[in-house]
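>>> Structure of the sequence below:
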Amino acid sequence: SLASDLPAGPDLGKAKAWISLDGTGTVGINNSFNIEKAVDNGNGNFNIFFGIPFKDRTYIQIATAGDTNSLTANVNMNGVFGGQTQIKVKTTTDGNAQDVDPLFAVFFGELENE
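Below is the predicted model of the structure:
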């Protein structure tokens, strides 16, 4: 019965893209969905490119990082665009940029083809 209360249109309750990234050494995608590529911009700084871009800049992104060198990482999303996003990872102990493995990100919103 709750389904009848949902608005018509794209299902915004399902992830439209996600990635598990190895951000150490040569950047590699462990697993992904609707991700075209990941680019290493330097220590702890990655651009993620979507296979099918989001319709606009209002999509939601959530990310978390695994422990690296026994330091806890903070994840900061910057430069939100329809076709890509930038993720920066810094340590909580000293605020320095940090490469991590794994880095997980999930994205919700409306894609261009919906």
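>>> Which of the helices and strands in this structure ranks last by mean pLDDT?
Using mean pLDDT, DSSP states H and E, the weakest-scoring helix or strand in the chain turns out to be strand 73-78, at a mean of 69.
>>> Do me a favour and get the end-to-end distance for stretch 19-26?
Looking at stretch 19-26, the gap from its leading to its trailing residue is 16 Å under the measure C-alpha to C-alpha, to the nearest Å.
>>> tell me which residues of that stretch are tucked away?
Within stretch 19-26, the residues that qualify as buried by neighbour count (16 or more other C-beta atoms under 10 Å) are 19, 20, 21, 22, 23, 24. For glycine as for every other residue, the C-beta is placed from the backbone atoms N, C-alpha and C.
>>> Out of those residues, which sit inside strands?
Counting by DSSP state E, the members of those that fall within strands are 19, 20, 21, 22.
>>> Quickly name whichever of those is closest to residue 28.
Minimum separation from residue 28 among those (C-beta to C-beta) is found for residue 22, which lies at 4.5 Å.
>>> What segments of the protein are strands?
Using DSSP E, strands in the chain cover 17-22, 28-33, 35-42, 45-50, 60-65, 73-78, 84-91, 103-108.
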